[in-house]
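>>> Pasting the sequence and the predicted coordinates here, then a few questions.
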Amino acid sequence: MLLEINPDNPQARLIEQVARCLREGGVIAYPTDTTYGIGCSIFNKKGLERIYQVKQRDKRKPFSFICSDLSEVSCYARLSNMAFKIMKRCLPGPYTFVLEASREVPDLLTTRQKTVGIRIPDNRICLAMVQALGAPIVTTSANLSGDDPVGDPFEIDRQFNGLDLVVDGGLLTTEVSTVISLVGDQPELLRQGAGDISWLNL
């Protein structure tokens with residue numbers, strides 16, 4: 001099912017419809033500031049299993065998730081002063097930051113090293129959904145594992161049968177986020193995608 005939402009001024013009743021779907025265990029596709037993501041509430045274990053099936057993804061690869069702001073990030077990850085300053089400077093934006101996970105994060109979303117990837121995308125629909133749900137949302141590119149991401153909501157609706165809802169926020173790029181680890185003493189670039197990285201001084 002496609003649900004069109006205004007990307008500049010998301011309609012509150014439609015955002016609440018999305019949040020209700022997520023609360024009831026739904027798995028959805030939704031826009032970010034890069035490409036479309038597939039996700040569910042981070043506390044929806046069955047939803048997480050469904051996403052692995054939909055994407056045909058290796059279960060040894062955990063998903064990242066989206067928070068609405070840095071205050072919510074601090075509930076799910078340990079933030080050093082360096083990490084806080086960098087994230088405050090870059091977010092909202094097209095970055096995924098790898099951090100040491102707190103105990104609040106479900107095991108399915110952490111690596112063996114107990115780290116987790118967290119995003120705050122610069123997308124009004126996406127952030128409004130997280131705020132309305134009251135919990136972070138899993139994020140992984142809308143693609144089959146190994147394929148390019150899909151930036152067209154109609155194509156996502158056609159390709160993926162296991163979704164309860166596709167939030168149509170318009171055509172997007174197929175770019176992915178830049179992934180940066182903030183676990184050590186210095187930031188480490190793990191994947192270059194969208195977003196400026198000149199500040200990393202590589």
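Yes, it's here.
>>> Can you pull out the low-pLDDT segments for this structure?
202 (pLDDT under 70).
>>> So residue 199 lies in a strand, does it not?
No - judged by DSSP: H, G, I helix; E, B strand; the rest coil, residue 199 forms no part of a strand; its state is helix.
>>> Not counting its neighbours along the chain, what's nearest the residue nearest in space to the middle of the chain?
Residue closest to the mean C-alpha point of the chain, counted by Cα atoms, centre = their mean, is residue 139 at 2.9 Å. The spatial neighbour of residue 139 that comes closest, neighbours along the chain excluded (Cβ to Cβ, 6 or more residues apart in numbering), is residue 37 at 4.3 Å. In short, each C-beta sits where N, CA and C put it, glycine included.
>>> so which helix or strand takes in the one you found?
Using DSSP states H and E, residue 37 maps to strand 36-39.
>>> CA-only coordinates of that strand in CSV, if you can.
C-alpha atoms of strand 36-39 as CSV (Å, rounded to 0.1, in the frame of the first residue of the first chain):
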residue,chain,number,x,y,z
TYR,A,36,14.5,4.9,0.7
GLY,A,37,14.8,2.8,3.8
ILE,A,38,13.0,-0.3,5.0
GLY,A,39,12.3,-0.5,8.7
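>>> about what we covered before: please report the distance of the residue nearest to the centre of the chain from residue 39.
In this view, residue 139 and residue 39 are 5 Å apart by Cβ to Cβ, to the nearest Å.
>>> likewise residue 110?
17 Å.
>>> ditto for residue 93
Where residue 39 is concerned, residue 93 sits at a distance of 18 Å (Cβ to Cβ).
>>> got the contact list for the longest strand along the chain?
Across the chain, the strand with the greatest residue count (assigned by DSSP state E) is strand 95-101. Under the contact criterion Cβ atoms under 8 Å, 6 or more residues apart in numbering, strand 95-101 has outside partners 64, 73, 76-79, 83, 86-87, 109-110, 114-119, 177-183, 190, 195.
>>> In helices, which of those residues fall?
Counted as lying in helices by DSSP state H, out of these, are 73, 76, 83, 86, 87.
>>> picking up where we left off before, so the residue nearest to the centre of the chain, which of the three states?
Classified using three-state DSSP, residue 139 is strand.
>>> show me what contacts it?
32, 37, 38, 39, 63, 64, 65, 66, 119.
>>> Tell me how many other residues surround the fifth one.
What that stands for is residue 63. Counted with other Cβ atoms under 10 Å, residues neighbouring residue 63 total 21.
>>> Next up, the contacts around it.
39, 48, 51, 109, 117, 138, 139, 140.
>>> As CSV, those with distance to residue 156 would be great.
Formatted as CSV, the contacts of residue 63 follow (distance: Cβ to Cβ, whole Å):
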residue, distance to residue 156
39, 13
48, 19
51, 13
109, 22
117, 21
138, 16
139, 14
140, 13
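>>> Now rank the residues you listed by neighbours and give me the top one.
Counting by other Cβ under 10 Å, top hit in the contacts of residue 63: residue 39 with 29 neighbours.
>>> OK, contacts around that one?
Taking Cβ under 8 Å, 6+ apart, one finds 27, 28, 30, 51, 63, 65, 66, 137, 138, 139, 140 in contact with residue 39.
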